[in-house]
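J.: Here's my sequence, what's the structure:
(one chain, ligands or ions: 2)
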Amino acid sequence: MKQISAIIEQLDTTLAGEWPDTAGIRQFSYSLQKQPDTGLLEWLSAQPCYPKFYWQQRDGNEEAAVCGDAYAFGDTAQAQAFIREHQDVPDLHIWGLNAFNGADSSAFAANALFLPRIELCRQGSRYWLRCTLFSARSLREEARRTRLFLRSLVVSQALPPITSRVLQHQHLPAQPQWNQLITRALNCIEAQQFDKVVLARKTTLTLSQPLNACAFLAASRAVNHHCYHFMLAFTPQQAFLGSSPERLFLRNHDELYTEALAGTVANDPDDFKAQQLGDWLLNDGKNQRENLLVVDDICQRLQGGAQSLDIMPAEILRLRKVQHLRRSIHGELTDSDDAGCLQRLQPTAAVAGLPRQAAREFIAEFEPFDREWYAGSAGYISAEQAEFTVALRSAAVKGHHLELYAGAGIVAGSDAAQEWQEIENKAAGLRTLLEEHYTPAVQAG
Ligand SMILES: C=C(O[C@@H]1C=C(C(=O)O)C=C[C@H]1O)C(=O)O
Ligand SMILES: [Mg+2]
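T.: Ligands and ions are numbered 1, 2, ... in the order given. Now for the predicted structure:
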């Protein structure tokens, strides 16, 4: 990517100039003359700087590869305050993840949100590179650090093939414990403790070799269409990634777009069979209930924060392994407050349950693992716009292990065996990539 190198050289010259020894923030933005030689994910994969974050919007039109932290934030309120404080820098974007439990969890980080040093972005066929400097003490120092950072950037390379083989897997809960868990949940629903709870499974795959997170995400992106693709790499061996169909929210100025995505049936490669399954889904009482409880939850949560909510009729979203019921929701925000939107909407009843608190307590008590980033959110905030996807169809890469997550909404009428099949289908979106893309490692000697 010549053009990127040329921009970085130009930046280096700028940063070599005179800088004040005081607090400050600066941003430089450059358009790329033409499309880079490799994709953004390839570029990001090559960079040796952490954290790095990748995000692609589900219509495929917006993409960002960002790395290095000019500043890291403890929570979204702090991130939002930072953007408001620096309104003279109009294009500040803060990227990253929010954990499922957010601030309620004592054991796990609530957020991983950061203002990157470098952002390589695409909108349609337009590409640009942004560099941001921030220091609460000395911009001069920060310019020096940024120059060192820029020198560590390398040219893009093709992604390596996936050579990891699955040696073994372990489900948590295993199927017998899942059945018990569903019975317990159904008893609580019957006793009217809650109407819906979403229960999940973590599957730990032991791999023959550590997985390259960018290569794995690229493999997913190539086949899992109509999804947001996201990845946060913390270190070379540790990342969280996924290909999720679900929007938590998109805010554009004061317009809010969200959705109830819940209710699932298998997909079929045959169009006719897929359509029959979809028709069944549209008319199935249990799945409709599952979806409508999410609509109720979202409407309740937005009370006082958004007006004139429009709820679209249910439609079928057909994915590679599953199909879902979706109702899109649009509203006008009373205040363009992203931290507030996150607080209100995360987690919706699509991933927690209804009422939210009772469902969360059930999950905390009986689900046999910590969700960490799973079912939280991934995306960005900025002054003009913010968007987060619900971090589903996701996995944590931890060296030789890959932890796959999948959950299902339990409502009156749920059947344990069917819900197990549903989570198998959801997990297959990522899991099958290891079989389809397996290339044996070349033996030395
Ligand atoms: C919880 C997950 O998915 C959610 C649950 C769904 C359901 O139970 O029908 C459908 C879509 C998602 O809102 C997951 O993929 O892990
Ligand atoms: Mg379901």
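
J.: Neighbours of Ser164, how many?
T.: 23 (other CB atoms under 10 Å). (Each C-beta comes from the backbone N, C-alpha and C, glycine too.)

J.: what's the spacing between the closest residue to it other than its chain neighbours and ligand 2?
T.: Computed as CB to CB, 6 or more residues apart in numbering, the closest residue to Ser164 that is not its neighbour in sequence is Leu207, at 4.1 Å. Distance check for Leu207 against ligand 2: by CB to the ion, to the nearest Å, it reads 29 Å.

J.: who's in contact with Leu207?
T.: Ser164, Arg165, Val166, Leu167, His400, His401, Leu402, Leu434 (CB atoms under 8 Å, 6 or more residues apart in numbering).

J.: Which strands and helices lie in contact with the helix or strand of the chain with the lowest mean pLDDT?
T.: In the chain, no helix or strand scores lower on mean pLDDT, DSSP states H and E than helix 2-15, which sits at a mean of 93. Here helix 2-15 touches strand 24-31, strand 126-135, helix 139-152, going by 3 or more CB pairs under 8 Å, 6 or more residues apart in numbering; DSSP states H and E.

J.: so where's this protein uncertain?
T.: Applying pLDDT under 70 to the chain flags residues 1-2, 103-106, 436-445.

J.: Walk me through the domains of this protein.
T.: 2-152, 166-436 (automatic domain parsing).

J.: To Leu159, which of the ones you listed lies closest?
T.: Taking CB to CB, domain 166-436 is the member of the domains of the chain nearest to Leu159, at 4.3 Å.

J.: now that closest one, how far from the chain's geometric center?
T.: 10 Å (CA atoms, centre = their mean, to the nearest Å).

J.: which residues sit against the one helix or strand Gly68 maps to?
T.: For Gly68, the element it lies in under DSSP states H and E is strand 62-73. For strand 62-73, the surrounding residues in contact (CB under 8 Å, 6+ apart) are 40-41, 43-44, 47, 49-57, 79, 82, 93-95, 111-123, 132-134, 142, 146, 149, 380.

J.: Can you point out the buried residues in that strand?
T.: Glu62, Glu63, Ala64, Ala65, Val66, Cys67, Gly68, Asp69, Ala70, Tyr71, Phe73 (16 or more other CB atoms under 10 Å).

J.: Which element, helix or strand, includes the closest residue to Asn212 other than its chain neighbours?
T.: Leaving out its chain neighbours, the residue that sits closest to Asn212 by CB to CB, 6+ apart is Pro160, at 5.4 Å. Under DSSP H and E, no helix or strand contains Pro160.

J.: need the contact list for Ile8.
T.: Leu150, Leu153.

J.: Distance check, it against Leu153.
T.: 6 Å (CB to CB, to the nearest Å).

J.: And for Val411?
T.: Counting by CB to CB, the gap from Val411 to Leu153 is 50 Å.

J.: out of the two, which sits in the more crowded spot?
T.: Between Val411 and Leu153, counted using other CB under 10 Å, the more crowded position is Val411 (28 against 19).

J.: Go ahead and confirm the more buried one touches Glu190.
T.: No - the pair Val411 / Glu190 is not scored as a contact, 11.3 Å apart, by CB atoms under 8 Å.

J.: Could you report the neighbour count for Lys273?
T.: Lys273: 12 neighbours (other CB under 10 Å).

J.: pretty sure it is in a helix, no?
T.: Yes - per DSSP: H, G, I helix; E, B strand; the rest coil, Lys273 lies within a helix segment.

J.: And it, how far from ligand 2?
T.: 20 Å.

J.: gap between that residue and ligand 1?
T.: 19 Å (CB to the nearest ligand atom, to the nearest Å).

J.: got a list of what the residue most central in space within the chain touches?
T.: By CA atoms, centre = their mean, the chain has its centre lying nearest to Ala378, at 3.4 Å. The neighbourhood of Ala378, defined by CB under 8 Å, 6+ apart, consists of Trp55, Gly96, Leu97, Asn98, Tyr228, Phe230, Leu232, Gly242, Ser244, Phe388, Thr389, Ala391.

J.: mind redoing it with 6 Å?
T.: Leu97, Phe230, Thr389, Ala391 (CB atoms under 6 Å, 6 or more residues apart in numbering).

J.: What separation do you get for the third one and ligand 2?
T.: From Thr389 over to ligand 2 the distance is 18 Å, taken as CB to the ion.

J.: quick one: the strands in the stretch 201-350 of the chain?
T.: Using DSSP state E, counting those that start in this stretch, the strands of the stretch 201-350 of the chain run over 228-235, 238-244, 247-252, 255-266, 306-311, 315-318, 322-333.

J.: now the ones you listed in CSV, with mean neighbour count and distance to Tyr127?
T.: Converted to CSV, these look like this (neighbours: other CB atoms under 10 Å; distance: least, CB to CB, whole Å):
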stretch, mean neighbour count, distance to Tyr127
strand 228-235, 23, 18
strand 238-244, 25, 23
strand 247-252, 22, 21
strand 255-266, 23, 25
strand 306-311, 14, 34
strand 315-318, 16, 29
strand 322-333, 20, 30
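
J.: Of these, which is nearest ligand 1?
T.: strand 255-266 (3.5 Å; CB to the nearest ligand atom).

J.: quick check, stretch 45-60 touching ligand 1?
T.: No - Stretch 45-60 lies out of reach of ligand 1 by CB under 6 Å from any ligand atom, never closer than 13.8 Å.

J.: residue ranges of the helices in this structure, please?
T.: Using DSSP state H, the helices of the chain run over 2-15, 40-46, 76-85, 139-152, 175-190, 213-223, 271-283, 285-302, 338-345, 356-366, 416-436.

J.: Spit out the contact partners of the residue in the stretch 1-150 of the chain positioned nearest to ligand 2.
T.: In the stretch 1-150 of the chain, the residue found nearest to ligand 2 is Phe100; the distance is 17.7 Å by CB to the ion. Listed by CB under 6 Å, 6+ apart, the contact set of Phe100 reads Arg371, Ala375, Gly376.

J.: again, only using 10 Å
T.: If a contact means CB atoms under 10 Å, 6 or more residues apart in numbering, then Phe100 has 108, 110, 200, 346-347, 351-352, 360, 363, 370-377, 390-391, 405 as its contacts.

J.: Buried members of those residues into ChimeraX, please.
T.: To isolate the buried members of the contacts of Phe100 in ChimeraX, using 16+ other CB under 10 Å:
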select :110,200,346,347,351,352,360,363,371,372,373,374,375,376,377,390,391,405
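
J.: restrict the contacts of Phe100 to those near ligand 1?
T.: Among these, ligand 1 is touched by Ala200, Val351, Tyr405 when using CB under 6 Å from any ligand atom.
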